[in-house]
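[1] Attaching a predicted model along with its sequence, questions to come.
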Amino acid sequence: MALFHSLSDATRLAIVQRLARGEARVADLVAELGMAQSTISAHVACLRDCALVVGRPQGRQVFYSLARPELMDLLAAAETLLAATGYAVALCPTYGTDLAAEVVQETTERAR
């Protein structure tokens, strides 16, 4: 159940959604999400501990990416299920509304 716990936080979902577009450093995530470095680092550590994110060291920097791109399929399936049962929610209403809509649309198109 660590998987679902790690995805239960809006900030971690925003990080996952950002990393779905490509790797990023903590500094990049701080700039894009507008949160403190310590907050982002703690959330990235949680995602890393749950094996959802991996780091690629390059010199003094670490570039993070999704360990399993299939994670986005899981999130899309969850969103589709919630929509079908009348409990539709955005994957991340603050940061990921556009991506959530794209994921749901792609999933719906694949199902047709």
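    Perfect, I can see it now.

[2] Contacts made by the host helix or strand of residue 27 with the rest, please.
    Assigned by DSSP states H and E, residue 27 falls within helix 26-33. By Cβ atoms under 8 Å, 6 or more residues apart in numbering, the residues outside helix 26-33 that reach it are 11, 14-15, 18, 24, 35-37, 40-41, 44, 62, 64, 95. Every C-beta, even on glycine, is put in place using the N, C-alpha and C of the backbone.

[3] for it, the distance to its chain's centre please.
    Mean C-alpha position of helix 26-33 versus that of the full chain (Cα atoms, centre = their mean, to the nearest Å) differs by 14 Å.

[4] what about the residue minimising distance to the centre of the chain, distance to residue 85?
    Taking Cα atoms, centre = their mean, the centroid of the chain lies closest to residue 16, which sits 1.7 Å from it. Distance of residue 16 to residue 85, given as Cβ to Cβ, to the nearest Å: 23 Å.

[5] my guess is the residue nearest to the centre of the chain meets residue 70, correct?
    No: under the criterion of Cβ atoms under 8 Å, residue 16 makes no contact with residue 70, lying 12.0 Å away.

[6] Quick one: mean pLDDT for the helix or strand hosting residue 77?
    Using DSSP H and E, residue 77 sits in helix 70-84. Confidence for helix 70-84, expressed as mean pLDDT, is 85.
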